[in-house]
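Asks: sequence isn't available, so here's the structure alone:
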């Protein structure tokens with residue numbers, strides 16, 4: 001366990017090194033309110049803020065609002081015992097007010113497990129849509145609010161044309177609203193519209209981020225995403241099973257970069273702007289599976305064309321030119337290193 005904690009701390013220190021912590025100077029001494037702060041992103045935000053407070057004298061305070069606060073406290077006591085960190089337990093659908101002295105808000109709470117999209121689509125729509133409405137209304141009551149960062153999703157773009165290498169923020173693709181599987185993407189689209197309505201009505205200082213795919217410590221291997229499936233299957237000895245021929249294309253960002261980008265957007269993002277968050281480097285699923293399996297011995301086999309027949313290949317890769325030019329952001333962790341670090345972290349967790 002201690003090795004896993006030290007690995008994450010080293011990654012948090014690395015992403016803030018080289019003067020990058022100073023890009024967050026606006027957050028010094030501020031009170032940050034985070035919804036969904038016990039998930040993958042929220043936990044990484046806490047790790048980065050821990051380094052900012054302990055090594056860069058930022059003096060930040062954080063309040064985390066989550067249904068799973070006690071789980072984080074018991075699972076990761078090195079975070080749960082921090083004096084500047086406070087937890088509030090609750091359901092985002094019923095949030096009524098924020099701490100009166102909060103100046104910055106990160107709204108990351110959402111149901112993202114695609115298994116729920118078919119089994120409980122109404123709950124997904126309500127949590128993601130109504131939850132956003134609740135947060136924005138509560139934030140509008142704050143007297144010294146500086147900024148709200150809303151976590152949307154790269155899935156709001158709909159299907160990316162195969163011939164389009166990367167999606168920019170001004171792209172608008174089709175979504176089938178008569179398909180229950182679109183409930184997550186539609187709930188995120190609704191969240192963005194609600195945010196723009198709040199900006200129009202009350203001048204609420206909102207920045208919207210559209211995350212794509214990620215990997216790293218704290219990410220549950222029970223989530224049904226390709227990269228988590230592949231790592232979990234490899235740990236279990238394989239085989240890795242891919243629906244289709246493996247030509248589907250994704251891009252994957254390491255979690256420390258993800259959290260840093262969110263903090264930079266919080267500090268320096270332009271109000272009313274939308275930024276993609278992710279890696280611009282494409283990789284097909286077959287290549288991803290082979291990249292992962294090289295860190296295991298014996299190398300697990302990879303099987304393609306498993307399960308559904310006629311599985312259509314697709315791509316989802318962001319353009320990050322806007323974040324790079326407007327916020328000075330880029331990737332600090334290559335994909336091969338990201339996979340290696342993630343595999344090592346899960347192995348450390350299994351070490352007695």
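Replies: In hand now; what should we look at? What you are looking at is a predicted structure, and each value in this text was computed from that prediction instead of being measured. Numbering: from 1, shown residues only.
Asks: tell me the spacing between residue 91 and residue 8.
Replies: Distance check for residue 91 against residue 8: by CB to CB, to the nearest Å, it reads 28 Å. Quick note: C-beta positions are derived from backbone N, CA and C, even for glycine.
Asks: the two: who's more crowded?
Replies: Comparing residue 91 with residue 8 by other CB atoms under 10 Å, the one with more neighbours is residue 8, at 25 against 13.
Asks: what sits against that one?
Replies: Residues in contact with residue 8 (CB atoms under 8 Å, 6 or more residues apart in numbering) are 44, 47, 217-218, 345.
Asks: average model confidence for whatever helix or strand it lives in?
Replies: In this assignment (DSSP states H and E), residue 8 forms part of helix 2-15. The pLDDT scores in helix 2-15 average 96.
Asks: so which of the contacts of residue 8 sit within helices?
Replies: Counting by DSSP state H, the part of the contacts of residue 8 found in helices is 44, 47, 345.
Asks: nearest residue to the last one other than its sequence neighbours?
Replies: Leaving aside its sequence neighbours, residue 345 sits nearest to residue 217 (CB to CB, 6 or more residues apart in numbering; 4.1 Å).
Asks: the one you found reaches residue 7, doesn't it?
Replies: Yes. Assessed by CB atoms under 8 Å, residue 217 is found in contact with residue 7 at 6.7 Å.
Asks: just give me the neighbour total for residue 246.
Replies: Residue 246 - counted by other CB under 10 Å - has 21 other residues nearby.
Asks: now residue 23
Replies: Counted with other CB under 10 Å, residue 23 comes out at 17.
Asks: for the residue nearest to it when sequence neighbours are not counted, give me its contacts.
Replies: The shortest distance from residue 23 to any residue other than its chain neighbours is 5.6 Å, reached at residue 264 (CB to CB, 6+ apart). The contact partners of residue 264, by CB under 8 Å, 6+ apart, come to 23-24, 327-329.
Asks: swap the cut-off to 7 Å and go again
Replies: By CB atoms under 7 Å, 6 or more residues apart in numbering, the contact list for residue 264 reads 23-24, 327, 329.
Asks: show the subsequent helix or strand relative to the helix or strand hosting it.
Replies: If you go by DSSP H and E, residue 264 is part of helix 255-268. Remark: after helix 255-268, the chain's next helix or strand is strand 274-277, criterion DSSP H and E.
Asks: which strands and helices sit next to the helix or strand that that next one is followed by?
Replies: Next along the chain after strand 274-277, taking DSSP H and E as the criterion, comes strand 283-284. In terms of contacts (3 or more CB pairs under 7 Å, 6 or more residues apart in numbering; DSSP states H and E), strand 283-284 is packed against strand 249-250.
Asks: walk me through which strands the strand it packs on pairs with, and which way each runs.
Replies: Using DSSP bridges, the strands paired with strand 249-250 are strand 283-284 (antiparallel), strand 315-316 (parallel).
Asks: can you list contacts of that strand?
Replies: 213, 226, 282-285, 315-317.
Asks: which residue packs closest to the spatially most central residue of the chain, ignoring adjacent ones?
Replies: Geometric centre of the chain, nearest residue: residue 41, 4.8 Å, by CA atoms, centre = their mean. The spatially closest residue to residue 41, leaving aside those adjacent along the chain, is residue 108, at 5.3 Å (CB to CB, 6+ apart).
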